[in-house]
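K.L.:
here you go, sequence then predicted model.
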Amino acid sequence: YTQKGLMLRLSFLAASALSALAFSPSSVPSLRPALRNSAASVSMAVADIATAGELDDVVKASGDKLVVIDYSTTWCGPCKIVAPKYEALSDVYTDAVFLKCIGDSSAEATALMKREGIRSVPAFHFWKGGEKVEVIAGANVEALENTIKDNI
């Protein structure tokens, strides 16, 4: 990519991600896009969350829209393998809200994982209409995609 081409692509990705969200970013001010080390791998469609309040706000604001949250940790090998695939799914299924919680990033994130009953990572929870509708434990990308398709 040329620098101009990369900037145009990043602008398009940012606009696409923002239009995919069912809530206004100002309604959940502490949400921040998940950024990676390289500008070419930026995914604005997955938002990091770190507290129970953030999750509750997103689930409430999303209404009947599917909310998918990936619970992981920095030390988890399978989490690192599934992360780019999860981000790719967020680009394909733009009618869903994709979140990520890194459990060892803060005490609040650890408390959120405890509240949600996370016993192993990666784990994926699916919310719709304010209710948890499905749970997947493990890095099973096929099951993850099928569950998204079934609930979107």
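P.N.:
That came through fine. Residues are numbered from 1 along each chain as shown.

K.L.:
use CA for all of it now, contacts and neighbours both
P.N.:
Noted.

K.L.:
the chain: helices as residue ranges?
P.N.:
3-20, 52-62, 77-92, 107-115, 141-151 (DSSP state H).

K.L.:
what sits up against the shortest one?
P.N.:
Looking back up the chat, that one is helix 107-115. For helix 107-115, the surrounding residues in contact (CA atoms under 8 Å, 6 or more residues apart in numbering) are Ile49, Ala50, Thr51, Ala52, Tyr71, Cys101, Ile102, Gly103, Asp104.

K.L.:
distance from the chain centre to it, please.
P.N.:
Distance of helix 107-115 from the chain centroid (CA atoms, centre = their mean, to the nearest Å) equals 16 Å.

K.L.:
ok, now which ones touch Ala50?
P.N.:
Contacts of Ala50 (CA under 8 Å, 6+ apart): Cys101, Ile102, Gly103, Ser105, Ser106, Glu108, Ala109, Leu112.

K.L.:
in the residues you listed, find the pair that's most separated.
P.N.:
The span of those, defined through CA to CA, is set by Ser105 and Leu112 at 11.4 Å.

K.L.:
give the contact list for Gly130.
P.N.:
Val59, Lys60, Gly63, Asp64.

K.L.:
include neighbour count and pLDDT when you put those residues into CSV, please.
P.N.:
Output for the contacts of Gly130, formatted as CSV (neighbours: other CA atoms under 10 Å; pLDDT from 0 to 100):
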residue, neighbour count, pLDDT
Val59, 25, 97
Lys60, 17, 96
Gly63, 16, 93
Asp64, 16, 95
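
K.L.:
turn these into TSV, columns for distance to Val141.
P.N.:
Below are the contacts of Gly130 laid out as TSV (distance: CA to CA, whole Å):
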residue	distance to Val141
Val59	23
Lys60	26
Gly63	25
Asp64	23
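
K.L.:
first to last residue in stretch 62-78, what's the distance?
P.N.:
Using CA to CA, to the nearest Å, the end-to-end distance of stretch 62-78 comes to 28 Å.

K.L.:
list the buried residues of that stretch.
P.N.:
Judged by neighbour count (16 or more other CA atoms under 10 Å), stretch 62-78 contains these buried residues: Ser62, Gly63, Asp64, Lys65, Leu66, Val67, Val68, Ile69, Asp70, Tyr71, Ser72, Thr73.

K.L.:
so where's this structure uncertain?
P.N.:
Applying pLDDT under 70 to the chain flags the ranges 1-44.

K.L.:
ok, now which ones touch the residue nearest to the spatial centre of the chain?
P.N.:
Closest to where the C-alpha atoms of the chain average out (CA atoms, centre = their mean) is Leu99, at 2.1 Å. Residues in contact with Leu99, defined by CA under 8 Å, 6+ apart, are Val46, Ala47, Asp48, Ile49, Val67, Val68, Ile69, Asp70.
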